[in-house]
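J.: whatever this is, show me its structure:
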Amino acid sequence: MKFKKNISCADCQLKCDIYQALSERGEDFSIINPLHVYYDRHEYICKQGSSVTHAIYLVEGSAKLFIEGLNNRNIALYIMTPHSYIGLLSFFETPYYSYSVKALEDSHICMIDLDCIKKLYIENHGFLLKLNKAFGKSVSSILSKIITLNQKNIRGRIADSLLYLSKLYKNDTFKMLLSRKELGELSAISEENAVRLLGEFKREGIINVEGKMITILDKKLLEKISEVG
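T.: Numbers count the residues shown, from 1 in each chain. Sure, this is the predicted structure:
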């Protein structure tokens, strides 16, 4: 990881919710004092059990949020893309992360002191609504994952994951940033079953797999498998 401190919010192209909230109040941006961090692929952005010290905002790249289970059996809850708050579920509830976040590709994050976020949350109604919306989206993703894991068989789970990734990348053809093991974690199945099911779907003409590129050929059938799985 690499750190950069001297990046002005006024010069940032992103102009995130925090910047906008401070702009509306005419406040000094020096109170943000952001720390920009650049992560390589597979590096931990935050670790389950570590202390929550900052609000983290994903500027570029992508990351997976997952729970580290026993015997290295992890469950990936969802994928994060710009512009997302990382660790939103831990902002107010606990001083420690109850999950881990790891970069799926080279990624850039912005870290802001947590007290600044809490102050804005209490004093700025517009910012409160935006943060609550982001929080609700995270909770909705987790609830959807619980339903999938509880009610669907392994074919339904892998179909659900492929549809999720297609929606995330807004295309039926996408580059798989997840390894086969990570795809298994997203579907709560073993790596071996993930590889086997991808092969089955390919032979059945539902998808095409060329290296890391996946194309959904029969989306209606894949949706049906997800639905009845």
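
J.: mind listing what's buried in stretch 185-196?
T.: Judged by neighbour count (16 or more other CB atoms under 10 Å), stretch 185-196 contains these buried residues: 185, 186, 187, 188, 189, 193, 194. Quick note: C-beta positions are derived from backbone N, CA and C, even for glycine.

J.: which residue comes closest to the fifth one once chain neighbours are left out?
T.: What that stands for is residue 189. With CB to CB, 6 or more residues apart in numbering as the criterion, residue 189 has its nearest non-adjacent residue at 4.9 Å, and that residue is residue 154.

J.: report the buried residues of stretch 156-171.
T.: By neighbour count, with 16+ other CB under 10 Å as the criterion, the buried positions of stretch 156-171 are 156, 157, 158, 159, 160, 161, 162, 163, 164, 165, 166, 169.

J.: hmm, residue 153 is touching residue 229, no?
T.: Yes. Taking CB atoms under 8 Å as the contact criterion, residue 153 and residue 229 are neighbours in contact, 5.1 Å apart.

J.: between the two, which one's more packed in?
T.: In this comparison of residue 153 against residue 229, neighbours counted by other CB atoms under 10 Å, the higher total goes to residue 229 at 16 against 12.

J.: strands along the chain, start to end?
T.: Here the chain has its strands, by DSSP state E, at 2-4, 35-39, 44-46, 54-60, 63-67, 75-80, 85-86, 100-103, 107-113, 173-175, 207-210, 213-216.
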